[in-house]
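> please find the sequence and the predicted model below.
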Amino acid sequence: MRTMNTTNRLASLLALTAALTGCGGASDKASTPAPSPAPTPAPAPVPTAPIGVGFVQPGNNVLEPNVSEPLSVNVTVNGSQAPNGTTTTFTVSPASAATLAPVAPTTVGGVASTTLTVSSLPPTATFQTTVTAVSSSNTATDSLTYYVRPAHKPLQVLVPAYFSATGTTSPWVTLTGGATSYPDVKITAIANPSSGVLTADTKEDTDLTKAIKAFQAVAGTSNRVIGYVATTSTSSGALSVADIKATITNYIRLYPGLFDGFFLDGMATDSSRVAHYQEVYTHVKGLTTGLTTGATPPSAPVVIGNTGTYPVAAYAGVADTLVTYAGNAAAYTNIDPQPGNTWVYAKDNSAQAMLVHTASTCTDMQTAVKNANRPRMNTGLVYATNLAIGAPWSALPTYWQQMLGTVDALNKQRTLPLC
């Protein structure tokens, strides 16, 4: 019985071992590969930072040769101030027009700054400055247009002296007194006998002759007197070149040696009449006798044309000076040659004049004169009066002396006289 039991137990053990082997024992477990790890998620894309850049608009974008001007831009990232050290790059086109230093300034407090210096002889009257800033894969740019004008010349005063020369209280006496008080201010007076149409029957105004001679005799001045010439008529419209030439001839006959040139009133502004005024201009410039010896030079009398507004650019070639504004003082504050009439920057400021009426107070006058003197306006001959539309040029303004003092102060960079 014992032998039988032993035999049975041995068989049971062998069966158990076989079963364990079939199910996979310890040795089998060791050879099985470890499970693969879970895949690592791809990194999230780095967000690009929206960047913005914009010029801090300068108070003046009309410069002169050899002038240096500070230039700044605001830089933002994600709508906030860019971190300090953000790089910007400035360029000029055409490159020969100006230089920049530094070319690649970095931001401080969200602002990058450089200095722009205009070339001594710019090849063009216009150039662009561009700035570029980069953040991640985003780029932002901004551009600014500059204009280059000839070097500024001192302001002058252009007086529509359309008033009577008779008597000791004539505005001509006051005009001459102002010239005496401010000999450094150049005054051009426009004399207006016979409303600018002189015929063979027109007689000399002897009072006007005396007044002009007294004005021209003021010591230490370079003042001028020019004759008013109408180029249009209320009854017949545009006057012919022959009629205009006849008036000029009669000026010289009646007032020999007194005039430095002529004021052509009522000029057109469109291109259809340019040739008409070119013929008149050429005629006046060719006059060598009968004009004042004070003309500079005597063989080239001055021609001032009154278009009253900005004409087409070709008119700059048919007058030495154009009145590009004649009107109300309040409206003058809104006049701007940019962007439509930037051709004015190719000329000296003495090539533009303004005649402003209804500048009711001395302060209004100073505002108008200072506006004209801004580089953006580039206007070198000025006049303002408190008289209103209807008869604005029939007398001198009540602030005549203060106007001369204002021009003198601006020319000498001094404090303006009190009003």
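All right, it came through fine.
> please make it C-alpha for all contacts and neighbour counts, starting now.
Noted.
> buried ones in stretch 200-214?
E204, L208, T209, A211, I212 (16 or more other C-alpha atoms under 10 Å).
> now what about it, what contacts it?
Here stretch 200-214 makes contact (C-alpha atoms under 8 Å, 6 or more residues apart in numbering) with 164-166, 172-173, 176, 193-194, 225, 250, 254-255, 258.
> ok, 6 Å please
A165, T166, L254 (C-alpha atoms under 6 Å, 6 or more residues apart in numbering).
> can you give me the strands in the stretch 251-400 of the chain?
Taking DSSP state E, counting those that start in this stretch, the strands of the stretch 251-400 of the chain run over residues 261-265, 302-306, 321-328, 352-357, 381-382.
> mind putting the buried residues of stretch 200-214 into TSV with secondary structure?
Output for the buried residues of stretch 200-214, formatted as TSV (DSSP: H, G, I helix; E, B strand; the rest coil):
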residue	secondary structure
E204	coil
L208	helix
T209	helix
A211	helix
I212	helix
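> with those residues in mind, which one is nearest to A140?
Proximity of the buried residues of stretch 200-214 to A140 (C-alpha to C-alpha) peaks at I212, which lies at 62.8 Å.
> for A313, see how far away that closest one is.
Applying C-alpha to C-alpha, to the nearest Å, the value for I212 to A313 is 34 Å.
> quick revisit: in CSV, list the contacts of stretch 200-214 along with neighbour count, pLDDT and distance to A140.
Listed next are these as CSV, based on neighbours: other C-alpha atoms under 10 Å; pLDDT from 0 to 100; distance: C-alpha to C-alpha, whole Å:
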residue, neighbour count, pLDDT, distance to A140
A165, 22, 97, 65
T166, 16, 96, 69
L254, 18, 97, 68
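> just these: which are in helices?
Using DSSP state H, L254 are the members of the contacts of stretch 200-214 that sit in helices.
> closest to A219 out of the contacts of stretch 200-214?
Closest to A219 out of these is A165 (20.6 Å), distances taken as C-alpha to C-alpha.
> relative to I335, how far out is the closest one?
Applying C-alpha to C-alpha, the value for A165 to I335 is 34 Å.
> local confidence estimate at the residue most central in space within the chain?
Centrality entry for the chain: nearest residue to the mean C-alpha point is R376, 2.8 Å, by C-alpha atoms, centre = their mean. You'll see R376 listed with a pLDDT of 96.
> nearest spatial neighbour of it, skipping sequence neighbours?
Residue nearest to R376 in three dimensions, not counting chain neighbours: V62, with 5.7 Å by C-alpha to C-alpha, 6 or more residues apart in numbering.
> how about the backbone phi and psi for Y255?
Backbone torsions of Y255, given as degrees, to the nearest 10, read phi -130, psi 60.
> that older thread, state the distance from the residue nearest to R376 to P375.
To P375, V62 is 6 Å away according to C-alpha to C-alpha.
> show me where the stretch 51-200 of the chain has its strands.
Under DSSP E, counting those that start in this stretch, the stretch 51-200 of the chain gives strands at 51-55, 62-63, 68-77, 80-81, 88-93, 98-101, 111-118, 126-135, 138-148, 156-161, 187-191.
> bridge partners for the residue nearest to R376, pull those for me.
With DSSP bridges applied, V62 shows beta-bridge pairing to Y147.
> what's the neighbour count on Y310?
21 (other C-alpha atoms under 10 Å).
> right, and it touches Y325 too?
No. Between Y310 and Y325 there is no contact under C-alpha atoms under 6 Å: 7.3 Å.
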